[in-house]
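A.B. asks: Give me a model of this one.
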Amino acid sequence: MKARVNVALNLRTGTPEVLPQNNPGNRYYNEGDVIDIVEVVIGEKYKDSNIWYRLVDGGFVWSGGVDADKQYELTPLTQIEFKSIIKTIWQASKGENCTISVIDSGIDRNNPFLIKRIEEAGSFSFVENNSKDAFSCINNHGTTMAGLICGNDERDFIGYAPMSKVISLKIFNTQLNDSNDLTKKLIAALDDVLLNENIDIVNLSLQLNPELVSVDLKSQTEIKINQLIGNGVIVICASGNEGFVAFPGTIPTVITVGVLNNGIDLKSFSKGLLKQTQFQKEIDFFLETYEQNVIIANRLETISFSNFNSSEATAIFSGIVALKKSINKNYDQNQLKIDLNNCKKLFLRLPGLNVYKLILKNFFNT
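C.D. replies: Numbers count the residues shown, from 1 in each chain. Presented below is the predicted three-dimensional model:
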């Protein structure tokens, strides 16, 4: 990506830091110069930002000296590049010893992509009030979420944390009709998670209109979620696809995930989510869809990114966080919020740069 320098700016050659010896050739850029950025990194905090740019020609410049409004070309992350980053991360972790609770429509335990990935002990259906129904998935939604997290067929890249495991907590069958009834089931599922010390992450690819959920039930849900976060569990929610931030993604303490199309525009059904003052909370993370199709584990086919929504984005991000949690069991919601806020500063300044790649590379130092 090319951008224009807005103030005289020193080139730092060794590391993204302001050090006298870090510019041996006394190289700098003048106001108006165009620079070619190859990567965004987290470096020394200087003035109000710790975001730095690594240049194609080598060296680093501080982001505060670059005009974010003067962009010349966009460089979205390709699927091949993304796979390369993930496979590098997999050298450190594939999600081993990390368990994700998928609170959804059930998970098909007979799906070939999910063999040995589902923890049957601890799975439960709050629809039929038994364990067996937790593995019935009529609409394939819960199975899709599980597949994106830990699916594994050894032929292609499927799950993002292929050695992690999932627990199925089923709270609906096909559609989310009665918001209050569904929220009651969600609260029961969260109670179940509170009793299970083995769960590291909760994936909530749900979208309820917050105006249709009673104040009391929203309060009860928030209390349960905050208890989980206090216990070190990371809770990740979908932002929804209807132009408003969906519940429980409206809860300030959760991680709320949205969707971008090609790194530039919001999905048409999520239009306006970046206008953060209009909503109860900001979106913590936006997943960029690929130029190519995304493989979904519950079907032996692919879906185009026109059908890719915040549910899938949430599951993918749960898988990415599972890799981090696998490496560091003490990694918690607060640290994740800090990391995302650092990256979001960049996104708000340079929406054309791939924040997804930035997060991956700075989470795992690849």
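A.B. asks: Quick check: closest non-adjacent residue to Glu43.
C.D. replies: Actually, residue 43 is Gly rather than Glu. Sequence neighbours aside, Pro16 is the residue nearest to Gly43 in space, at 2.6 Å (criterion: C-beta to C-beta, 6 or more residues apart in numbering). Any C-beta I mention is one placed from the backbone N, CA and C, and that applies to glycine too.
A.B. asks: Count residues in the vicinity of Glu222, would you?
C.D. replies: By other C-beta atoms under 10 Å, 17 other residues sit near Glu222.
A.B. asks: Give the partner strands of the longest strand along the chain in its sheet and their orientations.
C.D. replies: The longest strand of the chain (DSSP state E) is strand 34-46. Strands that pair with strand 34-46, judged by DSSP bridges, come out as strand 2-5 (antiparallel), strand 49-55 (antiparallel).
A.B. asks: can you list these in a markdown table and add mean neighbour count and mean pLDDT?
C.D. replies: Below are these laid out as a markdown table (neighbours: other C-beta atoms under 10 Å; pLDDT from 0 to 100):
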| stretch | mean neighbour count | mean pLDDT |
| --- | --- | --- |
| strand 2-5 | 18 | 80 |
| strand 49-55 | 20 | 84 |
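A.B. asks: how about these, which one is nearest Leu190?
C.D. replies: strand 49-55 (35.0 Å; C-beta to C-beta).
A.B. asks: And that closest one, how far out from the chain middle?
C.D. replies: When C-alpha coordinates are averaged (C-alpha atoms, centre = their mean, to the nearest Å), strand 49-55 and its chain have centres 22 Å apart.
A.B. asks: what would the strands paired with strand 34-46 look like in JSON lines with distance to Asn226?
C.D. replies: Output for these, formatted as JSON lines (distance: least, C-beta to C-beta, whole Å):
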{"stretch": "strand 2-5", "distance to Asn226": "40"}
{"stretch": "strand 49-55", "distance to Asn226": "29"}
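A.B. asks: So which of the ones you listed is nearest Ser239?
C.D. replies: strand 49-55 (23.7 Å).
A.B. asks: which residue ends up closest to the midpoint of this protein in space?
C.D. replies: Phe317 (3.2 Å; C-alpha atoms, centre = their mean).
A.B. asks: can I assume that one sits in a strand?
C.D. replies: No - using DSSP: H, G, I helix; E, B strand; the rest coil, the secondary structure at Phe317 is helix, not a strand.
A.B. asks: quick one: pLDDT of it?
C.D. replies: What the model reports for Phe317 is a pLDDT of 88.
A.B. asks: if I look at it, how far off is Asp284?
C.D. replies: 9 Å (C-beta to C-beta, to the nearest Å).
A.B. asks: intersection of neighbour lists for those two?
C.D. replies: Common contacts of Phe317 and Asp284 (C-beta atoms under 8 Å, 6 or more residues apart in numbering): Ile255, Val257.
A.B. asks: With adjacent residues omitted, what lies nearest to the residue nearest to the centre of the chain?
C.D. replies: Excluding its sequence neighbours, the residue lying closest to Phe317 (C-beta to C-beta, 6+ apart) is Val257, at 5.1 Å.
A.B. asks: So the one you found sits against Gly240, correct?
C.D. replies: No - taking contacts as C-beta atoms under 8 Å, Val257 lies outside contact range of Gly240: 10.1 Å.
A.B. asks: shared neighbours, those two?
C.D. replies: Common neighbours of Val257 and Gly240 (C-beta under 8 Å, 6+ apart) are Gly249, Ser310.
A.B. asks: Tell me how far the helix or strand in which the residue nearest to Phe317 is found lies from the chain's centre.
C.D. replies: Assessed by DSSP states H and E, Val257 sits inside strand 255-261. How far strand 255-261 lies from its chain's middle: 7 Å, per C-alpha atoms, centre = their mean.
A.B. asks: Can you give the strand pairings for it, parallel or anti for each?
C.D. replies: Paired strands of strand 255-261, with direction, are strand 234-238 (parallel), strand 265-266 (antiparallel), strand 285-288 (parallel) (DSSP bridges).
A.B. asks: C-alpha coordinates for it, CSV please?
C.D. replies: C-alpha atoms of strand 255-261 as CSV (Å, rounded to 0.1, in the frame of the first residue of the first chain):
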residue,chain,number,x,y,z
ILE,A,255,-15.5,-9.7,22.2
THR,A,256,-17.8,-8.7,19.3
VAL,A,257,-17.0,-9.8,15.8
GLY,A,258,-18.1,-8.3,12.5
VAL,A,259,-17.4,-8.9,8.8
LEU,A,260,-15.7,-6.9,6.0
ASN,A,261,-15.8,-7.5,2.3
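A.B. asks: Nothing else from me, thank you.
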